[in-house]
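Peer 1: sequence and predicted structure, then a few things I'm wondering about:
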Amino acid sequence: MNKDEIIPVGRITGVHGIKGEIKVALYGDLDGFEWTAVFITGKNRREEHRVLRVRPHKGALIFELEGYSTRSASEPLVGLEVSIRAEDLPELSEDEYYYSDLVGMDVWSDDGRHIGAVTNIIPTGSNDVLEVHGELGEVLIPAIEETVLKVDMENRRVTVRLLEGLLPGEK
């Protein structure tokens with residue numbers, strides 16, 4: 001892992017209050033993570049900022065960042081991503097993956113059909129959903145034990161069992 005590599009961990013969804021705080025929807029669970037510094041990334045931007053304060057708020061996190069003390073200063077950040085150094089990511093247990101690990105992986109059915117590539121992970125609360133794009137169009141695959149059979153990190157391949165109705169045009 002490159003020490004300069006940064007990984008997106010959330011999207012800035014809005015500003016909060018008048019003191020420049022930003023609201024961040026995390027892409028995954030980072031409970032207990034020590035927020036000391038983050039990168040604001042996107043639109044040809046990569047700026048590191050010290051985190052002054054972070055707190056939970058309605059399923060998201062509210063960040064107070066050094067250098068952003070007014071609402072008008074923070075408003076241009078909406079839509080950008082919050083990233084951290086890859087080396088700072090907490091270790092995962094077996095069969096756990098970061099969203100950034102899965103995006104771009106090829107998805108194949110257990111009967112040998114190429115479904116496409118993972119383009120996004122959608123958190124739904126109960127389980128995540130893999131958004132896959134390929135020749136069949138968009139396919140949404142719930143990331144549950146019954147459907148995701150194997151994640152092969154080395155070969156960048158996910159093997160899935162297609163439940164009835166998952167493919168476009170199926171009922």
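Peer 2: Sure thing, it's come through. From a predicted model like this one, the values you see are computed outputs, not experimental measurements.
Peer 1: show me the shaky parts of the chain.
Peer 2: 1-3, 169-171 (pLDDT under 70).
Peer 1: how about the residue nearest to the spatial centre of it, nearest residue that isn't a chain neighbour?
Peer 2: Centrality entry for the chain: nearest residue to the mean C-alpha point is Tyr27, 3.4 Å, by Cα atoms, centre = their mean. Distances taken as Cβ to Cβ, 6 or more residues apart in numbering place Tyr99 nearest to Tyr27, at 4.6 Å, with adjacent residues excluded. In short, each C-beta sits where N, CA and C put it, glycine included.
Peer 1: next one: that neighbour from Pro123, what distance?
Peer 2: Applying Cβ to Cβ, to the nearest Å, the value for Tyr99 to Pro123 is 9 Å.
Peer 1: so between those two, which is more surrounded?
Peer 2: More crowded of Tyr99 and Pro123, by other Cβ atoms under 10 Å: Tyr99, with 20 against 16.
Peer 1: wait, that one sits on Leu26?
Peer 2: No: at 9.7 Å, Tyr99 does not count as touching Leu26 under the criterion of Cβ atoms under 8 Å.
Peer 1: quick check: domain ranges of the protein?
Peer 2: Annotated domains of the chain cover 6-88, 99-160 [automatic domain parsing].
Peer 1: just send these back as JSON lines, with distance to Leu166 too.
Peer 2: As requested, those are exported to JSON lines (distance: least, Cβ to Cβ, whole Å):
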{"stretch": "domain 6-88", "distance to Leu166": "23"}
{"stretch": "domain 99-160", "distance to Leu166": "6"}
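Peer 1: just tell me which of those domains ends up closest to Pro168.
Peer 2: domain 99-160 (4.9 Å; Cβ to Cβ).
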